[in-house]
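[1] compute the structure for the input listed below.
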Amino acid sequence: MQVPSGYGLHPQNYIAPSGHYSQGPGKMTSLPLDSQCAGYYSGLYTIPTQNVLTPNTASQQPGAQQMYGRVPPAPHVVGSTPGSFQGAASSASHLHTSASQPYSSFVNHYSSPAMYSANSSVASQGFPSTCGHYALSTVSNATYPSVSYPSLPAGDPYGQQIFTSQNAPPVRPTRDHSFSGQNTAISHPSPLPPPPSQPYHQQQNLSGYNTFSWSTSGLPSTQDNPVRNHTSPTAANNNLTNTVADSLSCSVMQNVQPPKSSPVVSTVLSGASSARTPPAANRPIEPVASVTQPSELLQQKGMQYGEYVNNQASSAPTPLSSTSDDEEEEEEDEEAGVDSSSTTSSASPMPNSYDALEGGSYPDMLSSSASSPAPDPAPEADPAPAPAPAAPQPSKTAKPFGYGYPTLQPGYQNATAPLNSGVPPSGPVYSGLQQYAQQYPGMNQLSSSLGGLSLQSSTQPESLRPVNLTQERNILPMTPVWAPVPNLNLDLKKLNCSPDSFRCTLTNIPQTQALLNKAKLPLGLLLHPFRDLTQLPVITSNTIVRCRSCRTYINPFVSFIDQRRWKCNLCYRVNDVPEEFMYNPLTRSYGEPHKRPEVQNSTVEFIASSDYMLRPPQPAVYLFVLDVSHNAVEAGYLTILCQSLLENLDKLPGDSRTRIGFMTFDSTIHFYNLQEGLSQPQMLIVSDIDDVFLPTPDSLLVNLYESKELIKDLLNALPNMFINTRETHSALGPALQAAFKLMSPTGGRVSVFQTQLPSLGAGLLQSREDPNQRSSTKVVQHLGPATDFYKKLALDCSGQQTAVDLFLLSSQYSDLASLACMSKYSAGCIYYYPSFHCTHNPSQAEKLQKDLKRYLTRKIGFEAVMRIRCTKGLSMHTFHGNFFVRSTDLLSLANINPDAGFAVQLSIEESLTDTSLVCFQTALLYTSSKGERRIRVHTLCLPVVSSLADVYAGVDVQAAICLLANMAVDRSISSSLSDARDALVNAVVDSLSAYGSTVSNLQHSGLIAPTSLKLFPLYVLALLKQKAFRTGTSTRLDDRVYAMCQIKCQPLVHLMKMIHPNLYRIDRLTDEGAIHVNDRVVPQPPLQKLSAEKLTREGAFLMDCGSVFYIWIGKGCDNNFIEDVLGYPNFASIPQKMTHLPELDTLSSERARSFITWLRDNRPLSPILHVVKDESPAKTEFFQHLIEDRTEAAFSYYEFLLHVQQQICK
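    Reported below is the predicted structural model:
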């Protein structure tokens, strides 16, 4: 039996480094479909009308990606409609598990990527928060110099404290290697510090990040020279993507008076014939890549990867035309102007797409795998070329990652320290991975100290201890499940990215695809790139150091060959170290590039220059599109929304340029002129919804601060303006078309509030739900959209950097499957409030109010793009989340918010036998709400293993279940819900079967799993019982679709609570083991298994389901607890509908409220609290979450284990 080297979980006091984002180079192409993959992605996800490449299927070769599935294969043509396959239903259950069949896989083929044009400009500000289970680390254990500064007035809108290097006050040396709590922004000064003559300038933090910025006034910076951030209007205009140029027609002239109580002047407009031109009507439209469909017949089996990747087709690219190649070469040349170190002051030509801005992929990989190879990047001109030794062409077989060198090279031995260095070398520095026996050891030398990855140690790690699942019933730990720690040495562990931001389903990466296929485990990444952070190193520099080949950002896992050269940890190219990078502003020392903060933190944020812009940063623009039909007015949401806006108007992210606008609609569309100088808001009504136009384009989006009083007047009047309306129709589609036209010039965020099924104009929908089929155990239909109108509109919005967020407040079926497309493809958010009514359902009203507070005030990034890079030999092929794939590997995110999660599936294309470490880097390029272009970079390092035992030892079971959930959602839409359920069951069957036959040599009659996978069957059963995938239980179609939307866009930490809720007993809370949060004592009760056997009628239990809390009160619960916590004398007096805990001056009340408040902190959605009495009708929903118990339509946990065991033994 193979056993791996030491491998463990996070200890309770584990501190994970804070992590950030980076856009990666290596262009990812979509995987071709083989005979196993057809139909995994639905034909409903049609190919977008712009910016989409759907190539021919390349040679189909097994070996690159494992498949999940045991459904008998059936012929299928790519692009066929869903429902083509039927899963074999198991007679033993409703799990539809079919006979076992082997896995298969396929190879990803690279081709020349197509480049697309897009507008660019993005924004963000910070609202720090902490994660529930991971303490934010002190990033690299470095202490910034302790300096006393006088408090100064606010200045920089982004909240950075700016210091100049000149005349630095003396800094007290210290050896304490911990952050002082501030985010640190480092600006790269010139090689020699300026003379000590200029004072410090400090500005208070306004953005939520505590940030230090070091800069030298002698060098240009993005803050000092805002003019450099502006590009020519022509360049910006030429990059606008397809814009709808609707011709204008006349509408009927009407006179409509608003209610007398309204201070709004109403005007009905006719079409302005040809006098008015929609914005961007004359902008050039990009050519659309030709689309071809493969002709091969394909088969489907189990959980597969394939046909459509979320928002773009997933298949291998066909060779591009010479035009495409020329475009690619032009873009690479333009980016090459930004030097290997990406000197921000370079005067490179303006790139014509985001792909060129953020960087390309591995040229050699493209040329070797594509029929029409993409050219290498053009030579990059250094600002001050200096002779340097020729860098050897790297290869994985060469002795990589460098050698040690003397403390100072021959030219530096007698050099004096830089003037006014301020801090001796013994002062606080970053403890990097180079500070070992040699000053600059290489990656191979580092890997030799990883504890021996040959996995032949004599002791078996805990993660591989065999567990008999059918005998050990209480496998759920009493404390939260921690992410496994990669088996790296201590120094690399300290530098690695926080699992809250970036984690992999396997923390030990298999050397080959064949080894991965043997393990039968999913390989992918889970990302939370823009999450709120309390510590974020911010780099303000004239030079962003990047690999000249793959465009990777320098990071803690590169190696320095000497002071002048560093080797990329992704493509192994040797790069020159820029002169400016030789100076460390923290230590005031020269010649120590390995101590720079970029090399000491796996999560950093760079302040980018105009080289990373397609146009000057646009202001933050917010447009609210509100349903004011009779149904909406009756629901009463307008009062809550307007009150929330009034309370948070000054907290909207932005600067002095922030703009805001409002539209309302029923059967007509109402615009509001809020131009400064008017005495009251003016309503403009457009009744011709078939030919929507903008009545006064220049006065509908107004400056928030200049027109604040008019905005407040409108918000105060809106709830009563339509109080007497009898209009029942909803023209949502035309209202969205008008919103698109209004937002196109700048981009921004559109917030849509809808209460019913759209019934007029473009995008009208018909009810598709059959209430009698809600509890069907066979076919669940209509999970996909009924029309492509909302998807096409979303793609148009994405092209104009506009995201659409949907708030659906409905008491009846509203076809969320169709409406959700407007947010899915524009990188928006979806909020769903079933049975919403402000008085009849007060808990939903309170939830809306709290959600709006978070929504309106959280940080936001505009005009964002994201790219993930990985070590050569790995490839990414399928993405999950809300976005649009603009080119083969570039995700377009019109908006990015801190509550958005993403997932990506990986395959191993080349053997990794020549390296012992692999790295992943994600880069998020965005514009903050303050108008700064920023790049958030996260880098993750993982070991490579050759043993199957090691692969199992490194499973991150929570990451694996979240990735499988994303895959199952796609499978449900493209094929059928039963096929998705089959595939989930088969994922368990195959992985445990593979473990038993290859690693475990124990002969047991039970079901054996390694400790690392012991929760896998439990989590899969929990997933099968969730609203998204359950059958046999009455589930409204909109509820099911919303659950699927949540799976696709929630970060792991929140998604896991939705999949497997946490159950606590709260009638016996004590201070034993309590934690202290801000001056609060928070009890930490043990977790209980989700089974009724853990409930006692003498107790009270809290269930945390992520977006909802249940407090179950037993019939025999102690009256003292009921009185002290609920405020009622006994069980009988507790009301049937109770949604709040009163603030009582008792110890039990304080403990209960403190614990619940702690659980609620930092949730993207405010949980509703329901107090459920034993034996009340409301307990049904509570008991549905007890996933270990049997229901009429589903197995108990023990029965599920027996079923899995039966499948394995077949």
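[2] looking at this, Y995 is in a strand?
    No. Counting by DSSP: H, G, I helix; E, B strand; the rest coil, Y995 falls outside a strand, being helix.
[3] that one touches T1011, doesn't it?
    No. The criterion here is CB atoms under 8 Å, and Y995 misses it with T1011 at 11.3 Å. Using the backbone N, CA and C atoms, a C-beta is placed for each residue, glycine as well.
[4] quick one, which of the two is more surrounded?
    Neighbour totals were compared for Y995 and T1011, and Y995 leads with 26 against 19 (other CB atoms under 10 Å).
[5] pull the CA atoms of the host helix or strand of V865 into PDB?
    Using DSSP states H and E, the element containing V865 is strand 861-870. C-alpha atoms of strand 861-870 as PDB (Å, rounded to 0.1, in the frame of the first residue of the first chain):
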ATOM      1  CA  GLY A 861     -15.100  47.300 -10.200                       C
ATOM      2  CA  PHE A 862     -16.000  48.400 -13.700                       C
ATOM      3  CA  GLU A 863     -14.700  47.400 -17.100                       C
ATOM      4  CA  ALA A 864     -13.000  44.300 -15.700                       C
ATOM      5  CA  VAL A 865     -11.300  41.400 -17.500                       C
ATOM      6  CA  MET A 866      -9.900  38.300 -15.800                       C
ATOM      7  CA  ARG A 867      -7.400  35.800 -17.000                       C
ATOM      8  CA  ILE A 868      -6.000  32.700 -15.300                       C
ATOM      9  CA  ARG A 869      -2.500  31.400 -16.100                       C
ATOM     10  CA  CYS A 870      -1.000  28.100 -15.100                       C
END
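[6] tell me the contacts of the residue nearest to D1039 when sequence neighbours are not counted?
    Spatial nearest neighbour of D1039, excluding adjacent residues (CB to CB, 6 or more residues apart in numbering): K1027 at 5.4 Å. K1027 makes contact with T1035, D1039, R1040, Y1042, A1043, according to CB atoms under 8 Å, 6 or more residues apart in numbering.
[7] right, and the helix or strand after the strand holding V865?
    Next along the chain after strand 861-870, taking DSSP H and E as the criterion, comes strand 874-880.
[8] pull out the buried positions in that following strand.
    L874, S875, M876, H877, T878, F879, H880 (16 or more other CB atoms under 10 Å).
[9] next one: the second one from L515, what distance?
    So the one you mean is S875. As defined by CB to CB, to the nearest Å, S875 lies at a distance of 16 Å from L515.
[10] mind checking the pLDDT average for stretch 961-978?
    Computed over stretch 961-978, the mean pLDDT rounds to 95.
[11] please apply the same query to stretch 585-595.
    80.
[12] and the end-to-end length of it?
    10 Å (CA to CA, to the nearest Å).
[13] count of neighbours near the residue lying closest to V1081 once chain neighbours are set aside?
    Closest residue in space to V1081, ignoring its immediate chain neighbours: A1074 at 5.1 Å, by CB to CB, 6+ apart. Other residues near A1074 come to 17 when the count uses other CB under 10 Å.
[14] which residues touch A1074?
    V1081, V1082, P1083, Q1084.
[15] the third one - how many residues pack around it?
    P1083 is surrounded by 20 other residues when neighbours are defined as other CB under 10 Å.
[16] circling back to that earlier point, tell me how far the residue nearest to V1081 lies from K1057.
    For A1074 relative to K1057 (CB to CB), the value is 21 Å.
[17] any idea how far the nearest residue to P842 once chain neighbours are set aside is from G901?
    Nearest-residue entry for P842: T1139, 6.8 Å, with adjacent residues in sequence omitted and distances by CB to CB, 6+ apart. For T1139, the distance to G901 (CB to CB) stands at 28 Å.
[18] neighbour count: these two, which is higher?
    G901 (26 against 16).
[19] give me the phi and psi angles of the more buried one.
    Dihedral angles phi and psi of G901 (degrees, to the nearest 10) take the values phi -120, psi 160.
[20] pretty sure it is touching L527, no?
    Yes. In this structure, G901 is within contact of L527 by CB under 8 Å, at 6.6 Å.
[21] report the rounded mean pLDDT for the helix or strand that contains N716.
    Using DSSP H and E, N716 sits within helix 708-721. Mean pLDDT, helix 708-721: 95.
[22] re the thing from before, local confidence estimate at the residue nearest to V1081?
    Residue-level confidence at A1074 comes out at 87, pLDDT.
[23] next: T1070.
    89.
[24] neighbours around it, how many?
    Taking other CB under 10 Å as the definition, T1070 ends up with a neighbour count of 11.
[25] which non-adjacent residue is nearest it?
    Distances taken as CB to CB, 6+ apart place P1083 nearest to T1070, at 6.5 Å, with adjacent residues excluded.
[26] one more: R1097?
    Among residues not flanking R1097 along the chain, G1114 sits closest, at 3.9 Å (CB to CB, 6+ apart).
[27] where's that neighbour relative to A738, distance?
    55 Å.
[28] just want to know which of the two has more residues nearby.
    A738 (26 against 18).
[29] so that one sits in a helix?
    Yes. A738 forms part of a helix when assessed by three-state DSSP.
[30] which residue packs closest to it, ignoring adjacent ones?
    Nearest non-adjacent residue to A738, counting by CB to CB, 6+ apart: V692, 4.6 Å away.
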